[in-house]
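In: my questions concern the predicted model and sequence given below.
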Amino acid sequence: MTRIPWWRDAVVYEVYVRSFADADGNGEGDLQGIRSRLGHLRDLGVDALWLTPFYTSPLADGGYDVADYRDVDPRFGTLDDFDALVSDAHDHGLRMIVDIVPNHSSDRHRWFREALAAPPGSPARSRYIFRSGKPGERPGEEDPPNDWPSAFGGPAWTRLDDGEWYLHLYAPEQPDLNWRNPEVRHEFEDILRFWLDRGVDGFRIDVAAGLFKDESFRDLHGQDRRMLNGPMYSRPEVHDVYRRWRQILDEYDDRMAIGEVWTDGPQDLALYLRPDELHQVFQFDLQLAPWSAMAFREVIDAALKAVAPMGAAPTWVLSSHDSVRHVTRYEQPGGLPGIGHGRAKAALLLLLALPGSAYLYQGEELGLPEVTDLPDEARQDPIFKRTNGRTAGRDSCRVPLPWSGPAEPYGFSPDGVRPWLPMPRGWASVTAEAQASDPSSMLNWYREALALRRRLKDGLPDELEWIDSPDTALFFRRGPLVCALNCGENPVRLPAGIPLLTSTPLYGDLLPGNTAAWLTAP
Ligand code: GLC
C-alpha cells in the first residue's frame with residue numbers, strides 16, 4: 001500500500017506567534033509560550049502547526065518584514081528556543097511548518113541598508129527593485145515609475161533623496177526583492193536549508209505569486225488594484241523558483257511547501273501544483289463565500305476541479321490572521337445576533353468532512369469573534385495607518401488568546417502585564433480553561449469533531465459525491481461518511497444514515513437550520 005503523505009489530509013493550526021502565549025512577560029507571544037501550550041494543541045487534535053514569522057524584525061507588518069532570515073527576534077526568543085520547540089512539538093506528535101517571506105525583506109535587512117548606502121546602478125541596489133521616476137504634471141515634480149498601488153494603501157513606490165524610487169507591493173518598510181538577481185535565489189535556497197536542517201516539516205510561502213514582476217513595469221491604468229493576473233503576480237518565471245525549491249525539499253524526508261497564492265482563476269492556481277512544484281496552495285474560496293449552501297457547493301466544486309488535474313489535494317480555510325474571523329462573518333447574511341457561533345460549529349463539520357487538508361486559525365477553537373472596538377491608538381496594522389484609518393485593518397482578528405482567569409491578560413501574559421493589543425472585558429467565559437470544563441463549549445466541539453475525523457479519515461476516499469438536497473442545504477458522501485449542512489433557517493429532512501455527530505440537536509429525522517451533521521452512510 002502506498003503511504004499517504006502526512007500533509008495531504010492534515011489539520012494544520014495557524015499560530016500567530018505574537019498573540020498565542022507570552023512566557024517572558026513582555027506582552028507579546030513567544031516561542032517558549034508556544035512550547036508551554038503544546039498540550040492544548042495535542043488535546044485539540046491537530047496534526048501540525050504553522051508558525052507566522054518569528055524572525056528578527058522591526059515588526060512594521062507584524063514580522064512579515066524580515067531583517068534576518070536566519071535568526072529569532074529577541075522578543076520571540078532565541079534559536080535554542082526554536083530548536084527546543086521543534087523537538088517538543090515532534091514529541092507531541094505535531095509537525096511544524098514555518099513561514100518564509102521571499103517577496104520582500106525588511107528595510108532594516110542588511111541588504112537594504114547596503115542598497116541605501118550604495119549609488120544608483122550599484123550591485124547592492126540590484127538586489128531590490130530600483131527605478132527612476134517619471135516627469136510629473138508640473139515642472140520640477142516627479143511621479144513614481146508607474147501607477148502600481150501598495151496592497152496596504154498609497155503608491156507601491158517610495159523615493160529616496162538621491163532621486164531613485166524603490167518598489168514595495170506592501171509597506172515602504174517591505175522593499176520587494178529582485179528575483180532576477182541570482183544572488184537572491186541562492187540566498188533563499190540557503191535559508192530553506194537552514195530551517196530544514198533545524199527540523200522544520202514545511203514552509204508556508206508568503207506572497208508566493210509575487211516574486212517576479214513583468215519587466216515592462218507597465219501601468220495598470222486604474223484596472224483592478226489587485227490585478228492578480230496582471231504585471232505584479234504569477235509571472236511564468238516564478239515557477240522555476242518553486243521547481244528548484246521542490247528539489248531541495250525532496251532531498252529531505254517528508255517535507256512540504258504551501259504557497260499563499262491569490263490568482264484570478266483556477267488555471268493559474270493549478271500551475272503551482274505541478275508535480276515538480278509546490279505540494280499545496282491555499283484555496284481561499286470557502287473563506288470568501290457567504291453563509292449559503294449554494295455558494296459553498298459552487299466553491300467546493302471549483303476548488304476540487306482546480307486541483308484535480310494535478311493530482312494535488314485541496315486545502316480549506318475559514319479564517320486567518322489576514323481575515324475577519326468567521327464567527328463574526330457568519331453573523332451575516334440574515335442572521336440573528338449570536339448566530340455566527342452556531343454557524344461556525346456547523347462550518348467545522350463541513351471543513352473537516354471535505355477531502356484534503358484544513359487550516360485552522362488560532363482562537364477559532366474558542367469561538368473568538370473579531371474585537372472591533374480596539375482604540376485607534378492601539379491598532380498596529382500598517383493598513384490602518386496607510387489608509388489614515390479608513391480601513392481598520394487586521395488587528396481585530398489578532399487579539400491575544402485568552403487562556404485562563406477573570407480579566408486581562410487572561411493567562412496570555414503573566415499577571416500584571418499589558419498585552420500588545422488590549423483584550424476585551426467579558427472574555428472570562430471564553431478562556432481555554434473555562435471552556436475545557438464545559439461540555440457544550442466550542443473548544444470541546446472542536447476536540448470532538450477533530451477526534452472523530454482522525455478516527456474516520458483513513459477510510460475516506462478522495463472523491464466526494466453530492467446527494468440531492470433542498471436548495472438551502474448541501475449533502476455529500478465520502479465513502480462511509482455523509483455530511484449534511486443546512487444553511488437555511490428552517491429544518492430540512494436528513495439524508496439517509498445514522499447520525500454520528502451534530503452541531504445542534506436533531507428534531508427526529510430533521511436537521512435544524514444553521515446546523516450540520518455527520519452520518520454513517522447506509
Ligand atoms: C501575506 C501575509 C500578510 C502580510 C503580507 C505581506 O499576505 O499573510 O499578513 O501582511 O503577506 O507580507
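Out: Thanks, I have the structure now. Numbering: from 1, shown residues only.
In: which element, helix or strand, includes the nearest residue to Val399 once chain neighbours are set aside?
Out: Among residues not flanking Val399 along the chain, Val371 sits closest, at 4.5 Å (C-beta to C-beta, 6 or more residues apart in numbering). Backbone N, C-alpha and C define where each C-beta goes, glycine included. Here Val371, judged by DSSP states H and E, is contained in no helix and no strand.
In: next up, the contacts around Val371.
Out: Asp395, Ser396, Val399, Leu421, Met423, Pro424 (C-beta atoms under 8 Å, 6 or more residues apart in numbering).
In: go again with 10 Å.
Out: By C-beta atoms under 10 Å, 6 or more residues apart in numbering, the residues touching Val371 are 325, 328, 378, 395-400, 421-424, 427.
In: which of the helices or strands spans the residue in the stretch 401-522 of the chain positioned nearest to the ligand?
Out: Using C-beta to the nearest ligand atom, the closest approach of the stretch 401-522 of the chain to the ligand is made by Leu421 at 15.1 Å. Leu421 belongs to no helix or strand when assigned by DSSP H and E.
In: and the closest residue to it other than its chain neighbours, how far from Phe152?
Out: Spatial nearest neighbour of Leu421, excluding adjacent residues (C-beta to C-beta, 6+ apart): Val399 at 5.0 Å. Distance of Val399 to Phe152, computed by C-beta to C-beta, to the nearest Å: 20 Å.
In: so for these two, which sits in the more crowded spot?
Out: Neighbour count, other C-beta atoms under 10 Å: between Val399 and Phe152, Val399 has more, with 25 against 22.
In: doesn't the more buried one belong to a helix?
Out: No. Val399: not assigned to a helix; according to DSSP: H, G, I helix; E, B strand; the rest coil it is coil.
In: wait, it sits on Pro409?
Out: No. Val399 lies out of contact with Pro409 (C-beta atoms under 10 Å); the separation is 11.0 Å.
In: what residues are shared contacts of the two?
Out: Pro419, Pro422, Met423.
In: list the contacts of the last one.
Out: For Met423, the contacting residues are Ser19, Val371, Val399, Pro400, Leu401, Pro402, Ala407, Glu408, Pro409, Tyr410, Phe412, Ser413, taking C-beta under 10 Å, 6+ apart as the criterion.
In: and those residues as TSV, adding distance to Gly39?
Out: Converted to TSV, the contacts of Met423 look like this (distance: C-beta to C-beta, whole Å):
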residue	distance to Gly39
Ser19	19
Val371	26
Val399	22
Pro400	19
Leu401	14
Pro402	17
Ala407	24
Glu408	23
Pro409	20
Tyr410	18
Phe412	16
Ser413	19
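In: with pLDDT added, can I get those in TSV?
Out: Below are the contacts of Met423 laid out as TSV (pLDDT from 0 to 100):
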residue	pLDDT
Ser19	98
Val371	97
Val399	98
Pro400	98
Leu401	98
Pro402	98
Ala407	98
Glu408	98
Pro409	98
Tyr410	98
Phe412	98
Ser413	98
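In: widest-spaced pair of those?
Out: Within the contacts of Met423, two members stand farthest from each other by C-beta to C-beta: Ser19 and Ala407, at 17.5 Å.
In: which residues of the protein lie near the ligand?
Out: Asp61, Tyr64, Val101, Tyr170, Asp206, Val207, Glu260, His321, Asp322 (C-beta under 6 Å from any ligand atom).
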